[in-house]
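>>> coordinates only, sequence not included:
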């Protein structure tokens, strides 16, 4: 693996999932990364991604340097040819070039603004690093995807499934803030490569990008979609069509025990953080079907598998 | 030791103090914590606690991950059953559960609000982590106690005392901000377990909680209390009775050389940070009786003793 | 080396530069710093200095603890005899004394205010640490100097020069913000110790302090100065004479290919971050003469050489 921008960097998803599950089983310190440095750059808040990736790197023997890019360093300019006489002190060309001098792998988190679809799809901040860095870059959630989360999800479903081809339902749920499509985008892309029966359900106006959905069936009737589900992946996202807008906060879409009753005793997944009693009811999160904590635990080993592959490729 | 919430987790204080002093004497790197991770979460500023605990963990061979919880991560909800549709993105149940996946020990600092006594005594933030984490939790100063500081203080007094039963005077001093009772609370609790003659002195209205004081004598006349003291522990706190209020900034309570003259050539202690010439005069802090720097240096070994005990218990 | 405040701590600059270049060639992990801790304190933003110094310390086997002093810890008081009843919670005396308990070397970054020349020249924050710390202190850019950058620059010029005595031109360039004189000050001091032909060029009113310039020629005509240059070091600074003021943003001083044409095919240097198309034109930064990225890469080994010397002196 030369980098980890998204699904296109994964040759064989099942193999990568197997490796991550094997790393989880072993849970031991390796020396592959000794003397190598992971630089982590955060333009946005992070709990799971920050700590699981740092832990994964250390399990591989790497040193880790963490920066809150927006607070510890300099405001970055991303436009080519900009006359930098306003508030941006450093251009992405220099920042990425310099970081490549100090780090063997650079990992970046940069959320979308959710105001301008074209701008967000250009993924200027994250892709700026992939363009100008001279070392491998890892996606810690960009404007359009969250592939470390999706690898974790593939791993969790593989680990917990009791049948050959489980039904996985990705359901939209209400939320008071406009959220990115990154997590559902990557989930859909990864599930399309898995031997699962994937269904998406969301209110009208919330269909994900056609480029992402492809032929995956979309139901606007949540109850119909949930029928016989083996895994229910709950997640809010803002509208793609009416870009970045909140069209509904309809509490009828909150996942509670009644909804769970429609499924095949489904495992309930969420990438976290989750708004309790808005996205998912307490009774579900505190019940036996919720696997959100174990899912978050898998983040470490998904990240470890990715970093391990990149280190192996750059030995 | 299964966790370190407060004095109730210490079976034998003298033995723990001896171990900390022994670790200080050896001052060498151990391998007990190799492959183990300490996660440190700060909801409030920290200099000594942050650096001494990080250093202690590294002396034990642990990896350390530090987060400014309020800036790097997500705003946390602590209420059971909350409908999370406002500004809190993550519930303590998930945050603590997830951190327990990445860390072998979790250490948390969370100050009181000093506006609502009942709420502060419930110690919602810190105790939320002890309730929902599945790994041992260490108190880096909670709303009501600072037991790593108190263990350091017990260690410092043991180390520097030249007599069997020294007189220790905890004296209130003025301060321009409302401060927690955490440090004096824990000091009193730890001193009550030591072979010392403990006396508290503070202006009227500043008596600590009866549950903490128990039978420890309280003088409202500072000069009388200081007589023949071997150790003077200076500290401001806000009123417990008129909860969180500043009732006095009376400079007559500032500890200067004249006050020191009333003592038995007492060592002067303070947990730091200290407001010079408000809490303690320059002439005292810069004089030979002040041991505040050595006291702060002991923080490393008090933390090391606690982390070592917890690691040993969880091998 | 007992500390690294500035050029006065360097006995033999050529020897130190050679050692740094040798460390770069070897680029391997050493064990000299095992069990030692570097504490890094930032009062201002930092990308290169932060990451290269952290990396250098880890290459030496040291542990590193990083603090954003102004955000993670307590606001510091620097005045002797202050009555600390306002917003400063901790005095530099305690802060430096306490840090010396936890760290074997303390590194500090503290920019000038650029409002009061005398105050900035007293370099209160940085020199406060050198005064009150009991362990060696390293300058990560103070109010008046940036000696780790200057050592890097000496190293880069030594590494890239193809002649015995290259002509080095330090040229002022426009910038929308008032910047410190730290970088040009240290560059001039270090170049004065090198076998180079040093020339400074800046608009009238921008002459550096006479104490720094000494007999180094200063041209107010940039084109004349650039003639036959082998290295052009571009940097903005605010006026020293009209202290901290911006007297000109004249774009005629921007370094572009036309200016470069006046030189002896000069290498172009800058400490970064650089404002593109204000300080230096895109065509220069993206061209073959720019060495700014390699220069930034040398920061690691300059820092490593300094930390190594200090560790050796304190074994």
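On my side now, so go ahead. What you see is a predicted model; the values in this text were computed from it and never measured.
>>> can you pull the buried residues of stretch A:156-167?
Residues of stretch A:156-167 classed as buried: A:156, A:157, A:158, A:161, A:166, A:167 (neighbour count, 16 or more other Cβ atoms under 10 Å in any protein chain shown). Where you see a C-beta, it was placed from the backbone N, CA and C, and this is true even at glycine.
>>> Show me what from the stretch 51-200 of chain A comes close to chain C.
Applying Cβ under 8 Å from any Cβ of the partner chain, one finds that the stretch 51-200 of chain A approaches chain C through A:63, A:65, A:67, A:71-74, A:77, A:81-86, A:89-91, A:93-95, A:97-99, A:101-103.
>>> any chance of the buried residues of stretch A:156-167 in TSV, with secondary structure too?
Shown next, in TSV, are the buried residues of stretch A:156-167 (DSSP: H, G, I helix; E, B strand; the rest coil):
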residue	secondary structure
A:156	helix
A:157	helix
A:158	helix
A:161	coil
A:166	coil
A:167	strand
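>>> any idea which of those is closest to residue C:188?
For the buried residues of stretch A:156-167, the residue nearest residue C:188 by Cβ to Cβ is residue A:156; the value is 59.6 Å.
>>> dump the residue contacts of the closest one.
Counting by Cβ atoms under 8 Å, 6 or more residues apart in numbering or on different chains, residue A:156 touches A:269, A:291, A:294, A:295, A:298.
>>> if you skip the residues just before and after it, what's nearest to the last one?
Just to be clear, that refers to residue A:298. Nearest residue to residue A:298, sequence neighbours excluded (Cβ to Cβ, 6 or more residues apart in numbering or on different chains): residue A:152, at 4.7 Å.
>>> Now do the same for the helix or strand harbouring the one you found: mean pLDDT, whole number.
Under the criterion DSSP states H and E, the helix or strand holding residue A:152 is helix A:147-160. Taken as a whole, helix A:147-160 has an average pLDDT of 98.
>>> cool, and stretch A:215-232?
The pLDDT scores in stretch A:215-232 average 98.
>>> what do you get for stretch A:75-94?
The average pLDDT within stretch A:75-94 is 95.
>>> Am I right that residue A:232 sits in a strand?
Yes. Residue A:232: assigned to a strand according to three-state DSSP.
>>> how about the residue nearest to it when sequence neighbours are not counted, what does it touch?
Once flanking residues are discounted, residue A:232 sits nearest to residue A:266: 4.6 Å by Cβ to Cβ, 6+ apart. Contacts for residue A:266 were tallied using Cβ under 8 Å, 6+ apart; they are A:169, A:226, A:229, A:230, A:231, A:232, A:260, A:289.
>>> Recalculate using a threshold of 10 Å.
Contacts for residue A:266 (Cβ atoms under 10 Å, 6 or more residues apart in numbering or on different chains) come out as A:166-169, A:226, A:228-233, A:255, A:259-260, A:289, A:291.
>>> likewise residue A:223?
For residue A:223, the contacting residues are A:201, A:252, A:258, A:259, A:262, by Cβ under 10 Å, 6+ apart.
>>> give me the number of residues near residue A:8?
Counted with other Cβ atoms under 10 Å in any protein chain shown, the neighbours of residue A:8 add up to 10.
>>> Quick check: buried residues in whichever strand or helix holds residue A:298?
According to DSSP H and E, residue A:298 maps onto helix A:292-313. Neighbour counts over helix A:292-313 (16+ other Cβ under 10 Å) mark A:292-293, A:295-311 as buried.
>>> pLDDT on it, on average?
Helix A:292-313 carries an average pLDDT of 97.
>>> likewise stretch A:13-23?
Mean predicted confidence for stretch A:13-23 is 97.
>>> With stretch A:179-192 instead?
Mean per-residue pLDDT for stretch A:179-192: 98.
>>> Tell me where chain A has strands.
All strands of chain A, identified by DSSP state E, fall at A:37-42, A:63-68, A:76-77, A:90-91, A:105-109, A:137-139, A:167-172, A:197-201, A:218-219, A:231-235, A:267-269.
>>> To residue A:25, which of those lies closest?
Of these, nearest to residue A:25 by Cβ to Cβ is strand A:267-269, at 19.9 Å.
>>> if we can go back for a sec, quick one: which of the contacts of residue A:156 is nearest residue A:133?
Using Cβ to Cβ, residue A:298 is the member of the contacts of residue A:156 that lies nearest residue A:133, at 27.2 Å.
>>> who's in contact with that closest one?
Residue A:298 makes contact with A:20-21, A:24, A:52, A:149, A:151-156, A:158-159, A:291, B:101 under the criterion Cβ under 10 Å, 6+ apart.
>>> domain assignment for chain A?
A:7-145+A:299-313, A:147-295 (automatic domain parsing).
>>> Count the residues that sit near the closest residue to chain B within the stretch 101-250 of chain A.
Chain B sits closest to residue A:176 of the stretch 101-250 of chain A, with a gap of 4.6 Å, by Cβ to the nearest Cβ. Residues near residue A:176, counting by other Cβ under 10 Å, number 16.
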